[in-house]
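1. this one's sequence-less:
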């Protein structure tokens, strides 16, 4: 077993990402064990998400953040394909559109928040506004520095309305990132994914780590925790994300609702319909 | 092999649903053969939808219509779970919200249309406005009767902008519907799905068939065809829907785009990064 609590950032604690090994795999022997456990977790997720949908009272919001190559897309593919697309969706946060940029930074996140019964996955999120925006100084410090409190309040509001929030930082090493960039270079069917910024952003690694540490220290709350996921090994990353979401949904314990109709009366209608047929 | 063209409604043709057997399974021996073929089709769909997303030029719109119990939700679960939720989504058309109802009937459909690279599945659709709305006389005939042309024009506009549209009517018999209602009654974990309208709507079966025949006759165009899917057997229904979408995507033939960067220059940057590491 893996103790996922180990990866949760405790509120008000200090975070030093350089002390957290992105290649560690505690509690899991190897890829084969991980594959078996993930298969069971995915089956459990499918059922739990069905119950969340059927219950139609609460919702789940999953935030995925990582540097480029960190594995956000792979996590969606391997873990969240467990969910029925009828009541789960992925929302990708790209460079803000003109409309989005003409609003406050939380506006587009709020619009994409899950309705009752739904599970939403944010691939990048409102946290970009204290990460990329901070690193590139797209707004002055006195603007972005106020945003941590605004984010906590925003998430508190969602939580009080019935949304459970879980946030993952997929933590990779610069070496693992480079190995993934190499794969993109060597596979002609993946070259379309290469962008100039892959290498320019890499030069700001330390700035990004500092920005992430601040996010983790200031925005891992009791109501909306951050998990730092060791993500150099894809199979361990999937295992941890799937396992945490499974435990989260198990704690929520959604149930199919009681019928809204009188079942015995409906049974009579059924028999009448059979007689007519 | 199954000739899916057989189920396509030819433009301007007459449709008599009572002549189409919902239990037929031409071109497929049994459930086992269907399961094997569906597995291959689902794998092909996953790859083709990835290419559609990578290409980022065109989009796919799938419309699912059926009476209650017709199998829309099951089709989503068994066929469209093939798609990566990052670039595919299901949009459920429910009773219009106050905001939706304050607009023209196509407004909410347009807002839900797929962007470039995306696949959208409409679970029910703008066709409800010439089906349920017509059967229940929610608007007068001189209002709904004009909508067929508006729908064709709307779909033409989407098509010209790069959206391929495929529409499915999941065709079940009254007997098959009743058998599915019985399952809901007998399984306590499914009783929450039962609604009063299951049986009241059933009494309007002939009205619904007439309304569907009109839709199929007037809105199966060269650019946005309707398919009548024999849906009494769930395995055959899934096979046909999956097979038609596979053929549709194969005809679209999406391709990964050429890299947007000079690969040799990027390769040099990669080697520089390796040297620094």
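-> Arrived safely, thanks for sending. If you're wondering where the values come from, they're calculated on a predicted model, not measured in any experiment.

2. for residue A:125, grab phi and psi.
-> Dihedral pair for residue A:125: phi -170, psi -170, per degrees, to the nearest 10.

3. whoops, residue A:142 was the one
-> Main-chain torsions, residue A:142, degrees, to the nearest 10: phi -70, psi -10.

4. and for it, the neighbour number?
-> If you count neighbours by other C-beta atoms under 10 Å in any protein chain shown, residue A:142 ends up with 7. For the C-beta atoms, the positions are set from N, CA and C on the backbone; glycine is no exception.

5. same check, this time on the one 5 residues further on
-> In terms of burial, residue A:147 registers 23 neighbours under the definition other C-beta under 10 Å.

6. which residues does it contact?
-> Listed by C-beta atoms under 8 Å, 6 or more residues apart in numbering or on different chains, the contact partners of residue A:147 are A:105, A:129, A:130.

7. so residue A:261 is in contact with residue B:194, correct?
-> Yes. Contact criterion C-beta atoms under 8 Å: residue A:261 and residue B:194 qualify, at 5.5 Å.

8. in terms of packing, which of the two has more residues around it?
-> Taking neighbours as other C-beta under 10 Å, residue A:261 and residue B:194 compare with residue B:194 leading, 20 against 16.

9. can you report phi and psi for that one?
-> Main-chain dihedrals, residue B:194, degrees, to the nearest 10: phi -70, psi 130.

10. can you tell me how far it is from residue A:17?
-> According to C-beta to C-beta, to the nearest Å, residue B:194 and residue A:17 sit 52 Å apart.

11. what parts of the stretch 1-150 of chain A come near chain B?
-> Remark: the part of the stretch 1-150 of chain A in contact with chain B comprises A:54, A:73, A:76-77, A:80-81, A:83-86, A:88-90, A:92, A:121, A:123, using C-beta under 8 Å from any C-beta of the partner chain.

12. highest neighbour count among those?
-> Within the residues of the stretch 1-150 of chain A next to chain B, residue A:83 tops the neighbour count with 28 neighbours, counted by other C-beta under 10 Å.

13. which is the next helix or strand following whichever strand or helix holds residue A:157?
-> Per DSSP states H and E: residue A:157 is located in helix A:147-160. Reading on from helix A:147-160 to the C-terminus, the next helix or strand found by DSSP H and E is strand A:163-171.

14. hmm, back to that, quick one, the helix holding residue A:157 and strand A:163-171 angle?
-> Compare the direction of helix A:147-160 with that of strand A:163-171 by axes from the mean of the first three to the mean of the last three C-alpha atoms, to 10 degrees and you get 140 degrees.

15. now helix A:147-160: how far from the chain's centre is it?
-> Averaging C-alpha positions (C-alpha atoms, centre = their mean, to the nearest Å) puts helix A:147-160 16 Å from its chain's average.

16. quick one: average pLDDT of that helix?
-> On average, the pLDDT along helix A:147-160 is 98.

17. and the helices in chain A?
-> Applying DSSP state H to chain A gives helices spanning A:31-55, A:72-78, A:98-101, A:107-111, A:132-135, A:141-144, A:147-160, A:174-186, A:197-202, A:205-219, A:234-252, A:263-276.

18. circling back to that earlier point, most neighbours, which of the contacts of residue A:147?
-> Highest neighbour count within the contacts of residue A:147, by other C-beta under 10 Å: residue A:130, with 24 neighbours.

19. right, I'll call it a day here.
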